[in-house]
Structures are given as C-alpha cells and as structure tokens.
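Novice: Structure, please.
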Amino acid sequence: MNPLPIILLLTLTSVVAVSEAILIPPKVQVLIYNDLAPNTDLIVHCKSKDDDLGIRHISYGNDFEFHFRASFLRRTLFHCTFQWNGITQRFDIYRQVRDQFVCNHCVWKIGPDGPCLFADHKICYSWGRQAAQLN
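Specialist: Residues are numbered from 1 along each chain as shown. Down below sits the predicted model:
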C-alpha cells in the first residue's frame, strides 16, 4: 500500500485548516445596552453597506444584539443612529479597523454623554467624536 495519497490528504487538510483560521475573521457579536436614564427609551437604527438591521426600541436597562462575520479585507462598518428625548446622535458602532483586535463580543453602553465600549478595558467616546478616551 502506497502511503503517499494519505500523507498528501493529511497535509492538504492541515493547510486548509490553518489557512481558514488565519484568513477567516471570527464571528463578531455587538450588544447595545440602553444606559441613558430610567424611563428613557432609546431608538436605534443600525446598518452597514449591505445590511439594514431595522429600527429597534430599547427600554432603559435592556439591550439589542446582532452578529456578523467581519470582512477579510478589514472593511466592515456598522453605523447606528440613536434617538431619545428629541436628541439624535450617530456613531460607528463597529469599525473593523478600530475594533477587530479589541473585541469579538463588543458590549456598548449608550449614555447621554456618548457610547462606552466594555472589552478588556472601558473605552468611552463623546458624541460627535470618534477618538477614544480611556477610563
């Protein structure tokens, strides 16, 4: 019996497994939590270039979660519009070039001063500014 076909099959299987682990970005989960104030509802509308997640009404202390597989080319972007008490704000809730190595399960608390990401550490942003302030 010639072992060459078995060796080639095992080698090919190993190469495919390693390349998938390196080339395919992991699945990302984004959780948006209403941390505004008691009795304050948050209206959220998130979308990417390809997906519109619709309008969600989140009561105080509750959340909305979605998941996706990020792009191999590092171009994935989900932006959201947040509305409450006559105020409208916009924020890039997942920007792959910013978040890819920060979180695969991204927990965002939305407050009146801006969104805060809870990952290995807390990163807060001010509304209208995309630059992080570390806390």
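
Novice: quick one: buried residues of stretch 47-58?
Specialist: Using 16 or more other Cβ atoms under 10 Å as the burial criterion, the residues of stretch 47-58 that qualify are S48, L53, R56, I58. Where C-beta positions appear, they are placed from N, C-alpha and C, glycine not excepted.

Novice: could I get the residues you listed as a markdown table with pLDDT, secondary structure and distance to P38?
Specialist: Output for the buried residues of stretch 47-58, formatted as a markdown table (pLDDT from 0 to 100; DSSP: H, G, I helix; E, B strand; the rest coil; distance: Cβ to Cβ, whole Å):
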| residue | pLDDT | secondary structure | distance to P38 |
| --- | --- | --- | --- |
| S48 | 94 | coil | 32 |
| L53 | 96 | strand | 26 |
| R56 | 98 | strand | 19 |
| I58 | 98 | strand | 13 |
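
Novice: remind me which residues of this protein are low pLDDT?
Specialist: 1, 3-23, 73, 129-135 (pLDDT under 70).

Novice: Now do the helices in this structure.
Specialist: 4-23, 96-99 (DSSP state H).

Novice: what about the closest residue to L117 other than its chain neighbours, distance to Y60?
Specialist: Closest residue in space to L117, ignoring its immediate chain neighbours: I123 at 4.5 Å, by Cβ to Cβ, 6 or more residues apart in numbering. To Y60, I123 is 22 Å away according to Cβ to Cβ, to the nearest Å.

Novice: If you count surrounding residues, which of these two has more?
Specialist: Counted by other Cβ atoms under 10 Å, I123 and Y60 do not tie: I123 has more neighbours, with 19 against 15.

Novice: Quick check, the more buried one in contact with C116.
Specialist: Yes - using Cβ atoms under 8 Å, I123 makes contact with C116 at a distance of 6.8 Å.
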